[in-house]
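[1] pasting the sequence and the predicted coordinates here, then a few questions.
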Amino acid sequence: MADPIPFGKPQISDAEKHAVLEVLDSGMLVHGKKTPEFEEAFAERVGTKHAVSVASCTAGLHMVLFVKNIGKGDTVALPAMTHTATAHVVELQGAKPVFVDISPNTGNMCPGALDRIEENLSVIMPVHYLGLPCNMRRIKTTAERHGAFILEDCAVSLDAEFDGKKVGNHGLAGAFSFYPVKHMTSIEGGMVTTNDDDLADQLRKRRAFGYNKALGERAKPGLYDVNQLGFNYRMSDVEAAVGIEQLKRLDGFQKIRAENYRRLVELLNEVEEISLLPPPEGYGPNSHYCLNTILPKDGSIDRAKVMDSLKENGIGFSVHYPGPVPMFEYYAEKYGYKQGQFPNAEWISEQTLSLPVGPHLPEDGPERIAEALKQALVVSKA
């Protein structure tokens, strides 16, 4: 049997290993030169003035809301279909999340549903679903009407573009994830991008306890003041060193992702039992995090059996996501959400499977994945 194909696998080369050893040998594992170097390179990639490295994408989202004093009395709009982290940071600040159903042909927050929100919004948090950019033109118009700022969740959309600008460059700030199976990794960690000088300055201070002086700014070691609340949300130089090398290889990763995605779409378009969630026209480059495969609504295909068959054949997959966030126990109990309130998000969560397209796929990966899925569809009907 051929080697299994996991849903995702970090692509670590000798360059990353050497970079890590260089940092370890330096003795400067935090507060060193690698973190600002990574930030500068990432800001250039996205096209923003600033990039601030953080411990995770979640930490980045949380800090932006914290710095902007979003809390009790504030209302934050976000899509019903996202990772729970997007909602958790709102809850942690004591603000009220308002969930918006998604568009069935994109998986992104539905602009029409967003426009129907009657409450005044303080923040809109669009999530670019699986690498497809949201319609930022519509979202910006709504934000302006409410006097709200935009905080983009770009966890799975690095390099996606809308209107000629990369995601993370359409609102006040954007937050990216470098978790091992994302487009690139820094082992763990994240990045906040912004064109706002004051926000960037505040984020750099708040990620390190609210010190008034960074390590290199202190006249005497160990002497500083704390003039504001902060977190321990820093990225280490070991992580930044890996991120720098990954950025150098990112063009190659993205080229392979796009080709694997194209080949898999071509192979699966001929399978009548399923449909796909391809990028709509006019949305600009998709960053091809994975391929979302949609099973029929009539229940003729048992998704659990499809999953079991794929697993037996060594094909990795994922589900994005196991349910709309407002249907998770915590949010359903607190806010009284009921089944049927977010029909598109419920349908996507129940009827889709995410298939891998990353650079870890072997040369015949798309063909193996397509064949395994075809077999799984037959098994599911037995």
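    Nice, thanks for sending it over.
[2] please make it C-alpha for all contacts and neighbour counts, starting now.
    Noted.
[3] low-confidence ranges, the protein, go.
    Confidence mapping of the chain against pLDDT under 70 gives the ranges 218-219, 281-282, 382.
[4] can you give me the helices in it?
    If DSSP state H is used as the criterion, the helices of the chain fall at 14-26, 34-46, 57-67, 84-92, 111-115, 136-146, 197-206, 237-268, 303-312, 329-335, 343-351, 365-381.
[5] for the fifth one, packing partners?
    Using 3 or more CA pairs under 8 Å, 6 or more residues apart in numbering; DSSP states H and E as the contact criterion, the neighbours of helix 111-115 among helices and strands are helix 136-146.
[6] does residue 23 touch residue 30 like I think?
    No - judged on CA atoms under 8 Å, residue 23 makes no contact with residue 30 at a distance of 9.3 Å.
[7] list the residues that contact both of those two?
    Common neighbours of residue 23 and residue 30, using CA atoms under 8 Å, 6 or more residues apart in numbering, are 237-238.
[8] who has more neighbours, the two?
    For residue 23 and residue 30, the more surrounded residue by other CA atoms under 10 Å is residue 23, and the numbers stand at 21 against 17.
[9] tell me the contacts of residue 291?
    In this structure, residue 291 makes contact with 261, 265, 276-278, 354-357, judged by CA under 8 Å, 6+ apart.
[10] now, these that are in strands?
    Taking DSSP state E, the ones among the contacts of residue 291 that sit in strands are 276, 354-355.
[11] how close does the spatially most central residue of the chain sit to residue 289?
    The central residue of the chain, meaning the one whose C-alpha is nearest the mean C-alpha position (CA atoms, centre = their mean), is residue 155 at 1.6 Å. Between residue 155 and residue 289 the distance, using CA to CA, to the nearest Å, works out to 10 Å.
[12] same question, residue 263
    With the distance defined as CA to CA, residue 263 ends up 14 Å from residue 289.
[13] out of those two, which sits in the busier spot?
    Taking other CA under 10 Å, residue 263 and residue 289 do not tie; residue 289 has more neighbours (27 against 16).
[14] make sure the more buried one is actually in contact with residue 354.
    No - Residue 289 is beyond contact range of residue 354, at 9.3 Å (criterion: CA under 8 Å).
[15] for the closest residue to residue 229 other than its chain neighbours, list the residues it contacts.
    Beyond its immediate neighbours in the sequence, the residue positioned closest to residue 229 (CA to CA, 6 or more residues apart in numbering) is residue 210, lying 5.3 Å away. Taking CA under 8 Å, 6+ apart as the contact definition, residue 210 lies against 226-231.
[16] which of those residues sits closest to residue 349?
    Distances from the contacts of residue 210 to residue 349 were compared by CA to CA; the smallest belongs to residue 231, at 33.8 Å.
[17] tell me how far the residue lying farthest from the centre of the chain lies from residue 326.
    Relative to the centre of the chain, and counting by CA atoms, centre = their mean, the farthest-placed residue is residue 220 at 40.2 Å. Note on residue 220: its distance to residue 326, by CA to CA, is 50 Å.
[18] circling back to that earlier point, Throw the helices of the chain into CSV and include distance to residue 125, thanks.
    Compiled in CSV, those are given as follows (distance: least, CA to CA, whole Å):
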stretch, distance to residue 125
helix 14-26, 33
helix 34-46, 18
helix 57-67, 9
helix 84-92, 8
helix 111-115, 11
helix 136-146, 9
helix 197-206, 17
helix 237-268, 25
helix 303-312, 30
helix 329-335, 17
helix 343-351, 16
helix 365-381, 33
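[19] pick the most buried one from the ones you listed.
    With neighbours defined as mean count of other CA atoms under 10 Å, those peak in mean count at helix 57-67, which reaches a mean of 23.
[20] then that helix to CSV, C-alphas only?
    What follows is helix 57-67, C-alpha atoms only, in CSV (Å, rounded to 0.1, in the frame of the first residue of the first chain):
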residue,chain,number,x,y,z
CYS,A,57,-3.7,34.0,15.4
THR,A,58,-6.1,33.8,18.3
ALA,A,59,-3.8,35.9,20.4
GLY,A,60,-3.6,38.5,17.6
LEU,A,61,-7.4,38.8,17.2
HIS,A,62,-7.8,39.0,21.0
MET,A,63,-5.1,41.8,21.4
VAL,A,64,-6.6,43.9,18.6
LEU,A,65,-10.0,43.9,20.4
PHE,A,66,-8.3,44.5,23.7
VAL,A,67,-6.3,47.5,22.5
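[21] which residues are contacting it?
    Surrounding helix 57-67, the residues in contact under the criterion CA under 8 Å, 6+ apart are 54, 71, 85-86, 89-90, 92-93, 151, 153, 155, 173-178, 189-192, 199, 202-203, 206-207, 233.
[22] what do you get for stretch 131-138?
    Applying CA under 8 Å, 6+ apart, the external contacts of stretch 131-138 come out as 106, 108-109, 111, 126-128, 156-158, 160-162, 167, 170, 279, 283-290.
[23] same question for stretch 343-354.
    80-81, 101-104, 107, 290-297, 303, 317-324, 340.
[24] now, the residues you listed that are in strands?
    When those are checked against strands (DSSP E), the matches are 291-294.
[25] distance to residue 119 added to these, as CSV?
    Written out in CSV, the entries for the ones in strands among the contacts of stretch 343-354 read as follows (distance: CA to CA, whole Å):
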residue, distance to residue 119
291, 35
292, 32
293, 35
294, 33
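[26] can you pick the most crowded of these?
    Highest neighbour count within these: residue 292, with 25 neighbours (other CA under 10 Å).
[27] list the contacts of it.
    276-278, 352-355.
[28] with adjacent residues omitted, what lies nearest to it?
    residue 354 (4.5 Å).
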